[in-house]
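Enquirer: The amino acid sequence is not available; the structure is as follows:
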C-alpha cells in the first residue's frame, strides 16, 4: 500500500459521508414536519417558553409561507454552518450545550469500547481454544445470558448490588462536585464514577464480541491455509497466534464499527440511569421538556459521531487487511 | 425434513426455550382469565414484599406485580412480534429487489439501507416516538423502522448467491418472468436464513420495546415489563422486587428466543453445527 | 529394499458413524521408492485424498481417523509418532502441495514470510540466511522478480503463481517425499502443463520422491513412473506407468482408460450445403466495473471482441478456451442471459440480440441450455417433474401434458419416469446432468448451448453423458454449441471447433483439420498442454 493512496482513500471516504450527513438532516426535517405545529413553533419548543419575537424571527428565517423544499433548503443551510438554534428550556445555544456534553459521552464510549472489545476478543479466543471443554461452556453460557439481558436492567441491578447494598461505587454523576478534587484526585474520582456505567454498557457488547470471536476462530481454523500451516510442521499455538487470530479478528472489527450507533443508543439509557452528564442524558431531559430542537440536534450530532467512528474503523481495516484495494 | 426436526428438537437448549415460550404464550393469551382485574388497579397496600397476599408483592401505588407481569407479557410479545413482521416484510422486499435487479437499483437501495444502519437506531426510535407521541402503534412503527436493515442485508446477500445459481438462469432461459422467478425460484431458497434472522429479531425488538417503555416512551395505557421497571426504579432502595422481577421476565424471554433461533440455525445449517 | 522411502501397510481410515461407508481407506498397501513419482489415480470417493492426508496426520479429526495398519517412514511408524515428532516430519521430511492455490495461503501474510515460516520452524538459520534461501526458492520455481514477489500478498498473484509459491514452500527443506494432492486440478490447461513440468523438473533435480494424487489419466501419463489405481478405498491395480496405462489388467482400470476422451475427432465432417441455424456477426461485449455511486475507478474487460460465428443446422460447434477467454460470455449472449454491446445474433434468420427480456420470450424455446454444475442447476425445492415441465407450461402446455412429456423425456435420458415425483438431492451428479438435459429438450429447441456440461463429472460418468448428448442430438436433429476448456472433450462431440483467447476467436474450422494441422500458435500451445497427449493419441 502506497502512503499517498491512503490520503486519497480517506478523502474519498470523507466524500461518501456527505450523503449520510445530508440524509440525517433531511430525516430531521421530515420529523419536524410530522410534529404538530409549524416548523418554527416546533423548533422553538412546543410547550412554549420561547418569546413571540423569536418564533417570528424563525418563521422569517425559514420562510414559513414558502414551499416545503425552500424550508428544507434553509434548514440544511443552517445545519451545515452548525447553527443548531437556541434552547429556551436550557437557556443556551444548542451547539454549546452539545459540545459541553460531548466530552463525557466520548469518555464513556471510549472506555466501553476498550473494555468490551478487549475482554470480548479475549473471551472468544479462550473459548475457541478450549472448545467443547467445560471452560468453553462456562464462557459460552455466560455470553448467551448476558446477550439476552436488557441494558437498563443490568445498570439498575449493578446500582442495587454495588451502590445500594455494598456501597462500593457512587450511584450517579461523573464526579463528586462538592469535594472539589483537583489533578490526580479528580482523575481517580471520575474513574470511580465511570466504573458502573462502563460495565453496564460494556456487558452486552462484550458478550456479542466474545460470541463472534469464538465463531470466527472456529470457522477460520477449518480453512485451507491452516492445513497448509499444519503441513509445514507449525505448532498449534503458533498457528493460532500467527495465522488464525488476525484473520478471525477482521469480522469483529467490522462488527465494532457497525455497533457504534448502538453504543450511542445504549448510552442514552445508561446516562439516564447514572445521571452521567453526556449527550444521552441531555436527550433524556429534552425528551420530557419536549425540547424537540435540542433532541434533533443531539440526533444530528450522534449521527456525525457515528460517521466519524466508522471512518476511523475503515482506516484501521485497511491496515489489517491487505486485500482492501486502494486507489 | 425429518432430519431437520430431529436436529432441532434433539437440542436441549431449544427444548428449554420452547417450553418457556410456550408457557409465555399461554399466559399472554389467557391473561384476562389468569388476572381478571385491571393491572393498573390499586388492590392492596403499597410495596408489600413478595410472598405475602400477592405472590410477587405490590408496587409503590399498591398495584399487583404479578398481574402486571401477566398483562405485560401480552403487550411486550404483541408489539415485538408485530414490529418484527413489518420489519421482515419491508426488509425482504428491499433486499430481494436490490439483490435481484442489481446495478443502480441495488446501489441506491443499499445506500438507503446503510443509511438506516449508520444512524444511531435507538436514538432514532426515541426521536420518532417523541415526535409522533407514544402509543402502541407508534411503538411498532418505530421499532420496525429501526430493525429492518439487517433483514434487507441478509435477504440481499442470499438472493445474490441464489441468483447466480444455474437453476435461476435455467428459469430465465425457459422464459419465466422476473416476478415469478423471484417468488418461485429465488425466495424459497432464501427462507432458512430469513427465518433465523427473523426469529432473532423478535428478541431484539423485545429489548428495544422494553428500553423505550423504561424511558417512559411506551404505550401509555398498556402495562409492559419495561414500564414496570421504569416505574419501580425510584423505589429500588425500599422495594427491590419491582425492578428485579420484570427484568428477569425480559431476560428469560429474550434468552428463550435466542436459544430457539440458534437451534433453528444449527438445524437448518448443519455444516456450522458440526464444528 | 533400501530404496523404499515410504511404506504403507494395510492402512485403514475410518469414516464417522453417520456416513454411508465405514472406511474411506480400507486396507491399502503401497510402497513409494526414491526418486520416483507414484500416481494415485481414482474417481471421487475413492479415498485417494484421505490416504494422502493420513500420511501427514492431517485427517479432519476427530471424526475421521486412521484405525489400522502402518505407515513406515525412515524407520518409524508415522501413525505411532507423538505430536512433536510428527511436526518435525511435516514440512521438514515430508511436504505437501494442495489442490486449491486460492485458499491454501494465509491472505493476511506476505508470501515470502509464509515460505520463510518453514525455515523458521525447522532450522536455526539467521534471518539473513532465511531471506537468501527464500529468494533462491522463488527463483527455483521460476517466479518473476523474486524481491517483489516475497513482499506480495497472495491476492496479488495468479492461481499458477500461488501454486508455485506452495511448491517453493514444499521444497524449502529438500524433503524426502512430497505429497501432491490434485495440484493442477484448479488450474487452466496451459498453467497445468507448466506446473506439471515444474514438479517433474524439480523432482529430477532434487531426487525427491513424489506421491501424486489425481483423477486425470492424462496427467498420470504425463508424469507418473508408477501408478496405483484406487476405487472405494482399495487399490485395484498398481504397477509401472507404461504397464498400467498400456495394458491394464483390472476391469475397473480398463473401463477408466476406455472412458478417457481421445484426441482423435470422432465425427465426420458435415456436408457443406447444410443451411445456417445460428449466425453471430461482429458481436462485442465489454464489462465495466466501477466501485459504486461515488467511487470513480472503472475497469474494462473485453469479453468479446468482434466475434463472427456460424453454426449449421444439425451440427455441433465447440468453443474451446481457458478461463477468461470469453467463451462463457459468448454463450450467455447467445442464450439471451446477457445483452450485447453491438453486433447481431440471429437464429433461423431472426434477430435475437438487442431485445428486451419480454421481447425475447417468444424465442426462448428455440435455444436451451445445459449447465455446468449439476448441483446448482436444479432448484433444490422443486420436484424433478416441475423442473422439466416449467418450459412447456410457460409455452402454454397444460400441466398434465407437460408432466407426461417429462416422464417420456426422463426415460429417454436413461432415468426412471417416476423420477418426476422426486427431489434433485436424491440423484447423483451424472443423473442430475441427465435431468438438466431433459429440461433443455422439453421445449423442443433448435439449438442447445452446453456450458462445460461434463467438467464437474467423473471420467466414467463423463463418457456416458457425452454419448447421451451425441445420441439425442441425432435423434432430435439438434444443433449444439458446446463450451469447453478440454480439447479432448471437444473432439468427441463436435464437428467444428472455434478456439477462443482473450475475447477473440483465434482459429476456427473442422475438428479434423484443426487437430491435424493447428495453425495459430495459441491453438498449438493448447494442444501441447494437453496432459499425456502422446499416450492419449496412442489410444486411438
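Expert: Arrived safely. Remember, predicted model here, so these are calculated numbers, not experimental data. Numbering: from 1, shown residues only, chains lettered A, B, ... in the order given.
Enquirer: quick one: low-confidence ranges for chain A?
Expert: For chain A, residues meeting the criterion pLDDT under 70 lie at A:1-4, A:37-50, A:61-65, A:179, A:325-327.
Enquirer: Strands of that one, start to end?
Expert: Shown for chain A, the strands assigned by DSSP state E span residues A:86-87, A:92-93.
Enquirer: can I get those strands in a markdown table with mean neighbour count and distance to chain B?
Expert: Where you see a C-beta, it was placed from the backbone N, CA and C, and this is true even at glycine. Listed next are the strands of chain A as a markdown table, based on neighbours: other CB atoms under 10 Å in any protein chain shown; distance: least, CB to the nearest CB, whole Å:
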| stretch | mean neighbour count | distance to chain B |
| --- | --- | --- |
| strand A:86-87 | 24 | 15 |
| strand A:92-93 | 14 | 20 |
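Enquirer: could those strands go into JSON lines alongside distance to residue A:174?
Expert: Below are the strands of chain A laid out as JSON lines (distance: least, CB to CB, whole Å):
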{"stretch": "strand A:86-87", "distance to residue A:174": "21"}
{"stretch": "strand A:92-93", "distance to residue A:174": "19"}
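Enquirer: possible to save those strands as CSV with distance to chain C?
Expert: Shown next, in CSV, are these (distance: least, CB to the nearest CB, whole Å):
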stretch, distance to chain C
strand A:86-87, 35
strand A:92-93, 33
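Enquirer: For residue C:232, list the residues it contacts.
Expert: By CB atoms under 8 Å, 6 or more residues apart in numbering or on different chains, the residues touching residue C:232 are C:21, C:26, C:45-47.
Enquirer: Can you flag the buried ones in the residues you listed?
Expert: Among these, those buried by neighbour count (16 or more other CB atoms under 10 Å in any protein chain shown) are C:26, C:45-47.
Enquirer: Chain A: which of these is nearest?
Expert: Chain A lies nearest to residue C:47 out of the buried ones among the contacts of residue C:232, by CB to the nearest CB, at 17.9 Å.
Enquirer: distance of that closest one from residue C:12?
Expert: Counting by CB to CB, to the nearest Å, the separation of residue C:47 from residue C:12 is 10 Å.
Enquirer: shared neighbours, the two?
Expert: Residues touching both residue C:47 and residue C:12 by CB under 8 Å, 6+ apart: C:23, C:25-26.
Enquirer: Could you list which of those residues belong to strands?
Expert: Secondary structure from DSSP E places C:23, C:25-26 of those in strands.
Enquirer: Adding distance to chain B, write the residues you listed out as TSV.
Expert: Formatted as TSV, those follow (distance: CB to the nearest CB, whole Å):
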residue	distance to chain B
C:23	20
C:25	21
C:26	24
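Enquirer: Out of these, flag the one nearest to residue C:150.
Expert: Within these, the smallest distance to residue C:150 is 37.9 Å, found for residue C:25 (CB to CB).
Enquirer: now the ones in strands among the shared contacts of residue C:47 and residue C:12 in CSV, with pLDDT?
Expert: Output for those, formatted as CSV (pLDDT from 0 to 100):
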residue, pLDDT
C:23, 87
C:25, 88
C:26, 86
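Enquirer: what subset of the residues you listed is also close to chain A?
Expert: The subset of those within reach of chain A, by CB under 8 Å from any CB of the partner chain, is empty.
Enquirer: so residue B:179 sits in a helix?
Expert: Yes: using DSSP: H, G, I helix; E, B strand; the rest coil, the secondary structure at residue B:179 is a helix.
Enquirer: Just name whatever secondary elements the longest helix belonging to chain A is in contact with.
Expert: The residue-count maximum for a helix in chain A (DSSP state H) belongs to helix A:184-221. Contacts defined by 3 or more CB pairs under 8 Å, 6 or more residues apart in numbering or on different chains; DSSP states H and E place helix A:184-221 against helix A:94-129, helix A:134-147, helix A:151-158, helix A:245-258, helix A:260-274.
Enquirer: Can you tell me which of the ones you listed is packed in deepest?
Expert: Scoring these by mean neighbour count under mean count of other CB atoms under 10 Å in any protein chain shown gives helix A:260-274 as the most buried, with a mean of 26.
Enquirer: For that helix, name the packing helices and strands.
Expert: By 3+ CB pairs under 8 Å, 6+ apart, helix A:260-274 packs against helix A:94-129, helix A:151-158, helix A:184-221, helix A:279-289, helix A:292-320, helix B:121-132.
Enquirer: Of all those helices, which one comes closest to residue C:205?
Expert: Across those, residue C:205 has its closest neighbour in helix A:184-221 (35.9 Å, CB to CB).
Enquirer: Taking helix A:151-158 as reference, get the angle to the closest one.
Expert: 130 degrees (axes from the mean of the first three to the mean of the last three CA atoms, to 10 degrees).
Enquirer: Name the residues of helix A:184-221 that are buried.
Expert: Applying a neighbour-count criterion of 16+ other CB under 10 Å, one finds A:189-190, A:193-194, A:196-221 buried in helix A:184-221.
Enquirer: cool, and stretch A:167-185?
Expert: Within stretch A:167-185, the residues that count as buried by 16+ other CB under 10 Å are A:169-172, A:174-175.
Enquirer: next one: stretch A:70-81
Expert: Buried residues in stretch A:70-81, counted by 16+ other CB under 10 Å: A:71-72, A:74-76, A:78-79.
Enquirer: before we move on, back to that, now for the helices and strands packed on helix A:184-221, which one comes closest to residue C:380?
Expert: Comparing the helices and strands packed on helix A:184-221 against residue C:380 with CB to CB, the closest turns out to be helix A:245-258 (27.9 Å).
Enquirer: Return the list of helices and strands in contact with that closest one.
Expert: Using 3+ CB pairs under 8 Å, 6+ apart: helix A:245-258 touches helix A:94-129, helix A:184-221, helix A:292-320.
Enquirer: sorry, back to before: right, and out of the buried residues of stretch A:167-185, which lies closest to residue B:140?
Expert: residue A:172 (32.8 Å).
Enquirer: correct me, but the closest one touches residue A:271?
Expert: No: with contacts counted by CB atoms under 8 Å, residue A:172 stays clear of residue A:271, the gap being 10.0 Å.
Enquirer: Taking the contacts of residue C:232, tell me the two that lie furthest apart.
Expert: C:26 and C:45 (12.3 Å).
Enquirer: Could you list the residues of the stretch 51-200 of chain A in contact with chain B?
Expert: Checking the stretch 51-200 of chain A against chain B by CB under 8 Å from any CB, the hits are A:144-145, A:147-153, A:156-157, A:159-160, A:164.
Enquirer: Please convert the residues you listed to a markdown table, extending it with distance to residue B:19.
Expert: Formatted as a markdown table, those follow (distance: CB to CB, whole Å):
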| residue | distance to residue B:19 |
| --- | --- |
| A:144 | 16 |
| A:145 | 17 |
| A:147 | 20 |
| A:148 | 16 |
| A:149 | 20 |
| A:150 | 22 |
| A:151 | 26 |
| A:152 | 27 |
| A:153 | 23 |
| A:156 | 28 |
| A:157 | 25 |
| A:159 | 32 |
| A:160 | 29 |
| A:164 | 34 |
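Enquirer: Show the low-confidence segments of the stretch 1-150 of chain B, by residue range.
Expert: For the stretch 1-150 of chain B, the stretches with pLDDT under 70 are B:1-2, B:54.
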